[in-house]
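A.B. asks: Just the structure for this:
(one chain, ligands or ions: 1)
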Amino acid sequence: MAKSILIIGACGQIGTELTYALREKYSNEQVIASDIREGNEALMNSGPFEILDATNYDALEEVIAYYEINEVYLMAAMLSATAEKFPMRAWNLNMNSLFNVLNLAKEKKIDKIFWPSSIAVFGLNTPKNNTPQSTVMEPSTVYGISKQSGERWCNYYFTKYGVDVRSLRYPGLISWKTFPGGGTTDYAVEIYHEALFNKQYTCFLDKDTRLPMMFMDDAIRATIAIMESKAKKLTIRSSYNLGAMSFTPAEIAESIKTHIPDFNINFKPDFRQEIADSWPSSVDDSLAQNDWDWSPNFDLEKTTKTMLKNLATKN
Ligand code: AKB
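C.D. replies: Just a heads-up that it's a prediction; the model follows:
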């Protein structure tokens, strides 16, 4: 049977670029985009789209049957900063959507699932530098708790029911096509927009807050790579650590200043500082490197150059 892919949360920061990438790789008709609301014009015009609430099992089952879907990428989630404001809504969205997809796979209505986890699964007692794949995990945010629980459920469904679920612990993701929404690492996208158009940015994290980050092209490449890996190569069915670069707000500002010398940054940490302080500074992704040959293409310098160039021509 030809591959038929459903992307849930296709209008978000990752979903948008994943939809474009998968449509390019396969065909527009083979990749069904879905979200709770419509996305930008380019996405809406690039292939089939369904309004879909992933917490509604029946609606999800209907779309899967109609398009004869065999692979699902579940990208809908409430991110760390917003989830702190709406804990129960975040828990319901992040967990129920995952259970719906896992149960559809358990009932053999789909063959393969991608579900994103995050560096938010770690907490204050986790080793901060080069954080191992398996270590202390005591997340202190609603989002982190939902991602850690989700990882355990993914592993459980794989072990008990043979569900082919694959997952990555994304670091902060930097992109120019779509804004992130409600995350703690969003500053690393905002800063490029503000530097380019206002030459001034007030950062909501402190200047020395070092976090793992990744350019979106690398994240999309990793996502497709793990989905295309042979099942027998995958030794982790909870979620893989995934790394590319780590930097502080002061360092990204310096990198921007090499292109925009009169850019000025100041720092006014808010409630997101506490979230960032509980996360790793860098992660050890050697299992991803060994199991499915992961290696990133973008460092901070290349990210800055690409972001500024594309934002300048886009607007
Ligand atoms: C967030 O900041 O909440 C996300 C993440 C690191 O998972 N970008």
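
A.B. asks: how many neighbours does residue 135 have?
C.D. replies: Neighbour count for residue 135, taken as other Cβ atoms under 10 Å: 15. Every residue, glycine included, has its C-beta placed from N, CA and C.

A.B. asks: Nearest residue to it in space, please, no chain neighbours.
C.D. replies: Of all residues not flanking residue 135 in the chain, residue 126 sits nearest, at 5.5 Å (Cβ to Cβ, 6 or more residues apart in numbering).

A.B. asks: contacting residues around that neighbour?
C.D. replies: 135, 136, 137, 138, 280 (Cβ atoms under 8 Å, 6 or more residues apart in numbering).

A.B. asks: Show me how to select, in PyMOL, the buried members of the residues you listed.
C.D. replies: This is how PyMOL selects the buried members of the contacts of residue 126, with burial counted by 16 or more other Cβ atoms under 10 Å:
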select buried, resi 137+280
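
A.B. asks: Would you check which pair of the contacts of residue 126 lies furthest apart?
C.D. replies: The largest distance within these, taken as Cβ to Cβ, falls between 138 and 280 and amounts to 12.7 Å.

A.B. asks: now the helices for the stretch 101-250 of the chain?
C.D. replies: 142-161, 187-197, 216-228, 249-257 (DSSP state H, counting those that start in this stretch).

A.B. asks: how about these in CSV, adding mean pLDDT?
C.D. replies: As requested, the helices of the stretch 101-250 of the chain are arranged in CSV below (pLDDT from 0 to 100):
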stretch, mean pLDDT
helix 142-161, 98
helix 187-197, 98
helix 216-228, 98
helix 249-257, 98
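
A.B. asks: Residue 179: which of those helices is closest?
C.D. replies: helix 187-197 (6.5 Å).

A.B. asks: now the angle between helix 249-257 and that closest one, please.
C.D. replies: 30 degrees (axes from the mean of the first three to the mean of the last three Cα atoms, to 10 degrees).

A.B. asks: and the closest residue to residue 132 other than its chain neighbours, how many neighbours does it have?
C.D. replies: Spatially, and ignoring its direct neighbours in sequence, residue 132 is nearest to residue 284 (5.3 Å; Cβ to Cβ, 6+ apart). Using other Cβ under 10 Å, residue 284 is surrounded by 17 other residues.

A.B. asks: Test my guess that residue 284 contacts residue 133.
C.D. replies: Yes: between residue 284 and residue 133 there is a contact at 6.6 Å, judged by Cβ atoms under 8 Å.

A.B. asks: Now for these two: what residues contact both?
C.D. replies: residue 241.

A.B. asks: need the residues of this structure near the ligand, please.
C.D. replies: Residues of the chain found near the ligand (Cβ under 6 Å from any ligand atom) are 79, 80, 118, 119, 120, 143, 170, 172, 183, 184, 185.
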